[in-house]
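Chemist: coords please:
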Amino acid sequence: MTGGQKKRTTNATTGGEPFDFLIGEVVGFRGLRGEIKIRPGTNNPSLLLPIEQVEIETSGKPRQLVGVTAIALDRRILIMVLDGYPDRTAAEKLKGARLYCQASCLAPLDSDEWWVDDLIGLKAYTSSGEHIGTVCEVYGERGDFLEILLSDSNKKVLVPFVKEIVPLVDVKSGRLEIEALPGLLD
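Modeler: Residues are numbered from 1 along each chain as shown. Okay, the predicted model is just below:
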């Protein structure tokens, strides 16, 4: 499972595909050459390395489309250099800004990974086909738990998001299956 948030905006110069994937927030700077540090909104930041353009969102200003001239990972922090921000002084104006990209620019997910936004809203069923409820939230840095709103009681329960308990996730069909172990849904 992979984190990340989507937000809608469209830019006609990029073929109309929205810049709706939240890359992360600018949290600091490195060196004097305009390198910005970004806390990524995903637990797998290597998926972000193919990005070539971003939209910058700062409070009170329209989004700005800029090119990415360099991108790298330093442990779990994304380091980026953006067109128009040639030095640290210019880059410091981006403190707290949120960066977005087009989802199609991301590296592909593995077969056992999903975006958080794609999991929220999935219908949850037991392995015998009984409808349990709906996924309403994903918790944990690695998406360790699914919060399920139970349809019969409007109660919320946390379900460990491991293959032994959630053996099937089918985003295209809008469903997942849960092994209803004794006490799991109480």
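Chemist: quick one, what contacts V54?
Modeler: When contacts are counted by Cβ atoms under 8 Å, 6 or more residues apart in numbering, V54 is found next to 19, 23, 65-66, 68, 80, 82, 99-101. Glycine gets a C-beta too; all of them are placed from N, C-alpha and C.
Chemist: over to G24?
Modeler: 38-42, 78, 98-99.
Chemist: selection in ChimeraX covering whichever of the contacts of V54 are buried, please.
Modeler: To isolate the buried ones among those in ChimeraX, judged by 16 or more other Cβ atoms under 10 Å, type:
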select :19,23,66,68,80,82,99,100,101
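Chemist: now distance to V159 too, for the contacts of V54, in TSV please.
Modeler: Shown next, in TSV, are the contacts of V54 (distance: Cβ to Cβ, whole Å):
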residue	distance to V159
F19	33
I23	29
L65	40
V66	41
V68	38
M80	36
L82	40
L99	32
Y100	30
C101	31
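Chemist: for L184, state which of the contacts of V54 is nearest.
Modeler: I23 (35.0 Å; Cβ to Cβ).
Chemist: what about that closest one, which helix or strand?
Modeler: If you go by DSSP states H and E, I23 is part of strand 21-30.
Chemist: next one: M80
Modeler: Assessed by DSSP H and E, M80 sits inside strand 77-82.
Chemist: what pairs with L146 across the strands?
Modeler: V138, V159 (DSSP bridges).
Chemist: meant to ask about I77, not that
Modeler: Beta-bridge pairing for I77 (DSSP bridges): D74.
Chemist: and it, what does it touch?
Modeler: Counting by Cβ under 8 Å, 6+ apart, I77 makes contact with 27, 37-40, 45.
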